[in-house]
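Task: produce atomic coordinates for the following.
(chains A and B)
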There are 2 protein chains.
Amino acid sequence: TIQNSRVTSRLKLTVIGQIMGTYILAQSEDGLILIDQHAAHERIVYENLKQRYHSLKVQSQSLAVPETLELNFKEADFLGSILDDLKMLGMVIEPFGETTFVIKAVPAMIDEKEIKPIILEILETALVKKDRFSKEDWLEKCLVLMACHSAIRANLNLEHIEIEKLLADLEQCENPRHCPHGRPIAITWSKNQIEKLFKRVL
Amino acid sequence: TIQNSRVTSRLKLTVIGQIMGTYILAQSEDGLILIDQHAAHERIVYENLKQRYHSLKVQSQSLAVPETLELNFKEADFLGSILDDLKMLGMVIEPFGETTFVIKAVPAMIDEKEIKPIILEILETALVKKDRFSKEDWLEKCLVLMACHSAIRANLNLEHIEIEKLLADLEQCENPRHCPHGRPIAITWSKNQIEKLFKRVL
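Next up is the predicted model:
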């Protein structure tokens, strides 16, 4: 096990199981924890991508069949201006004629099928927000979208070992409490709260 | 599986596990259920004993070494007056001199070590309440005490098969929602309630 001084690593979670193919139940030293597997994985992917971006340790996977993007002039103009930054995120996109681009590689954590909708959503937001869409803004949005699109879904049965890995990765996160959209990752009930629910204590 | 037309039997509970050695987690078709194992077993024992009493199908176990009860006059007077009813509960107690009694057999579900404190508590209450302690009253108190004393405790690890048995027995109960003391046996969270906790829905 990995040594880690963060508070969450002291939770010492014991996996109990998965319910509805969507939530993970675990026991901590103080009570019961219910974890939203999609939200948890979003947080893990988000922080991983962000850290790799900032530490220049991006991991890309080349596409066997490069995908083309046919854009309008405004979209092409914006995309052309952010290609260098996208490369630092692991997205290798190259111009291919006036308003056409080719996606040559995607971040290693992202399914290649997911990347085109992400780019198109970024471009759409950029054209709507114009000057109110700073580099920090689209970078953040890009990380959130990549995390959301590549995170494991709800209604997916996980093996025990996959659950263990997910919880271990979550404990390594800087903010293991909320997904990148701000929704809670975990709901906890302390031993005392449970005893109150059962009227074992007042 | 047993055919049963009661509402609870349609819960189709799937055992997920036990937490804190005290609560059982199960998934129903609609959500998550947390069950207090002691409260659940109290209910099961209570209804079983009550049913056997009313259907005259009591099961007794003889004590290898009969236990004696040394009482005062008032206690002996009251106990002497309820021996026939106690026998219908599975408690075979016989007079043994003026204020002494011998416990010869106890209900099959009850640990023989538990019976003496139960009798003494009934007698104590009888002398305090006097005329306000009807046959229904002491019979009910006796059933509740026997259930409480013989039910599995909290902080006891159960095997999966024991948990399955407990839930199956609970589903056969007339009132599977509350223990004989009136405390809740189960806390439930519907799928929708869980989604709200995680802000997946509003």
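
Can you name every helix or strand that the helix or strand hosting A:Ala105 contacts?
Assigned by DSSP states H and E, A:Ala105 falls within strand A:100-107. Identification of packing neighbours for strand A:100-107 by 3 or more CB pairs under 8 Å, 6 or more residues apart in numbering or on different chains; DSSP states H and E yields strand A:60-70, helix A:73-88, strand A:92-95, helix A:112-129. To be clear about C-beta, it is placed using only N, CA and C from the backbone, and glycine gets the same treatment.

Which one of the ones you listed lies nearest to chain B?
helix A:112-129 (20.7 Å; CB to the nearest CB).

tell me which residues in the closest one are buried?
A:Glu112, A:Ile115, A:Ile118, A:Ile119, A:Ile122, A:Leu123, A:Thr125, A:Ala126 (16 or more other CB atoms under 10 Å in any protein chain shown).

do the same with stretch A:170-179
Buried-residue list, stretch A:170-179, by 16+ other CB under 10 Å: A:Leu170, A:Glu171, A:Cys173, A:Pro176, A:His178, A:Cys179.

What of stretch A:30-40?
In stretch A:30-40, counting by 16+ other CB under 10 Å, buried: A:Gly31, A:Leu32, A:Ile33, A:Leu34, A:Ile35, A:Asp36, A:Gln37, A:His38, A:Ala39, A:Ala40.

Which of the residues you listed fall within helices?
A:Gln37, A:His38, A:Ala39, A:Ala40 (DSSP state H).

Show me which of those is closest to chain B.
Checking those one by one against chain B (CB to the nearest CB), the nearest turns out to be A:Ala39, at 6.9 Å.

how about the residues of chain A near chain B?
A:16-17, A:19-20, A:23, A:25, A:27, A:31-32, A:34, A:36, A:39, A:183-184, A:187, A:191, A:194, A:197-200 (CB under 8 Å from any CB of the partner chain).

Please convert the buried members of these into ChimeraX selection syntax.
What follows is the ChimeraX syntax selecting those of the residues of chain A next to chain B that are buried according to 16+ other CB under 10 Å:
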select /A:16,17,19,23,25,27,31,32,34,36,39,184,191,194,197,198,200
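
now the buried residues of helix A:112-129 in a markdown table, with distance to B:Glu98 and pLDDT?
Below are the buried residues of helix A:112-129 laid out as a markdown table (distance: CB to CB, whole Å; pLDDT from 0 to 100):
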| residue | distance to B:Glu98 | pLDDT |
| --- | --- | --- |
| A:Glu112 | 93 | 85 |
| A:Ile115 | 94 | 90 |
| A:Ile118 | 91 | 93 |
| A:Ile119 | 97 | 94 |
| A:Ile122 | 95 | 93 |
| A:Leu123 | 99 | 94 |
| A:Thr125 | 94 | 92 |
| A:Ala126 | 99 | 91 |
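
Which residue ranges make up each domain of chain A?
A:7-48+A:153-197, A:63-148 (automatic domain parsing).

Fine, thanks again, bye for now.
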